[in-house]
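# okay, sequence plus prediction incoming.
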Amino acid sequence: GDNFYFHSLMGGYYLWKDNSDQLSLIITSSGQEYRPKKNDFSGMRQLDKRHLTMMAGGMWRHTANWGVVKTSLVGDVLGESNGMIWTTDWHYPLTLGGFTVNPGVGLSWNSARETGYYYGVSQDESSRSGIAAYHSGDSWNPYAEVSAVYPLSSRWQLGVGGRYQWFDSAVKDSPMVSKSGQVMVWSGVSYTF
């Protein structure tokens with residue numbers, strides 16, 4: 001819309017907008033949680049739950065003929081992690097027939113509190129579970145992604161996408177993690193109003 005938007009798990013309100021630049025206040029999700037009961041390993045089942053939390057902050061988006069650059073800085077507003085996330089990415093939309101394909105790359109910085117909340121292991125958790133205690137610093141996690149959008153009508157669109165994110169050593173070194181990155185896939189239907 002002219003003043004606000006919803007995209008995936010994010011909502012925003014435009015503070016300023018023209019043909020090239022948009023500055024907005026945003027509310028989004030941390031995108032992470034940990035449910036011990038869903039784990040098959042007995043030690044991991046003894047760890048504390050890590051909750052999904054709400055993040056709020058600002059985002060700037062610039063559109064040019066060489067692509068779209070977007071950067072955002074958000075902080076936890078529910079007191080779960082008390083952390084911050086800064087994300088910057090670049091995408092280059094390509095129109096192929098009726099499809100729009102949108103490849104891109106990005107980098108996400110997670111503060112030490114954010115990284116520690118989701119990947120750290122406290123001394124109490126270590127005593128209960130037998131998993132080594134772990135204290136992390138902040139983390140820088142690069143990613144590459146591609147999405148595609150197909151218009152179903154003038155207002156409805158079908159979208160699919162995928163992302164691979166590489167983990168910083170602050171995440172990889174956690175005893176909770178056994179891989180060097182993660183794959184995410186998504187699909188959805190959107191309506192433009």
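Structure's in. What do you need?
# what ranges do the strands span in the chain?
Here the chain has its strands, by DSSP state E, at 4-7, 10-17, 21-29, 54-64, 67-76, 84-91, 94-96, 99-110, 139-151, 156-166, 181-191.
# quick check: closest non-adjacent residue to residue 183.
Spatial nearest neighbour of residue 183, excluding adjacent residues (C-beta to C-beta, 6 or more residues apart in numbering): residue 164 at 5.5 Å. Any C-beta I mention is one placed from the backbone N, CA and C, and that applies to glycine too.
# check residue 21 too.
Leaving aside its chain neighbours, residue 21 sits nearest to residue 62 (5.4 Å; criterion: C-beta to C-beta, 6+ apart).
# again, but for residue 91
residue 104 (3.5 Å).
# count of neighbours near the one you found?
Residue 104 has 20 neighbours, counted by other C-beta atoms under 10 Å.
# what does residue 41 give?
Close neighbours of residue 41, defined as other C-beta under 10 Å, add up to 12.
# give me the phi and psi for it.
Backbone geometry at residue 41, expressed as degrees, to the nearest 10, gives phi -90, psi 130.
# pLDDT score for it?
Note on residue 41: pLDDT of 88.
# state the distance from it to residue 48.
Per C-beta to C-beta, to the nearest Å, residue 41 is found 15 Å from residue 48.
# quick revisit: any idea which of the strands of the chain scores lowest on pLDDT?
Among the strands of the chain, strand 4-7 carries the lowest mean pLDDT, at a mean of 84.
# from the middle of its chain, how far away would that one be?
A distance of 16 Å separates the centroid of the chain from that of strand 4-7, by C-alpha atoms, centre = their mean, to the nearest Å.
# give me the helices and strands touching that strand, please.
Applying 3 or more C-beta pairs under 8 Å, 6 or more residues apart in numbering; DSSP states H and E, we find strand 4-7 packed against strand 10-17.
# I am finished for the moment; much appreciated.
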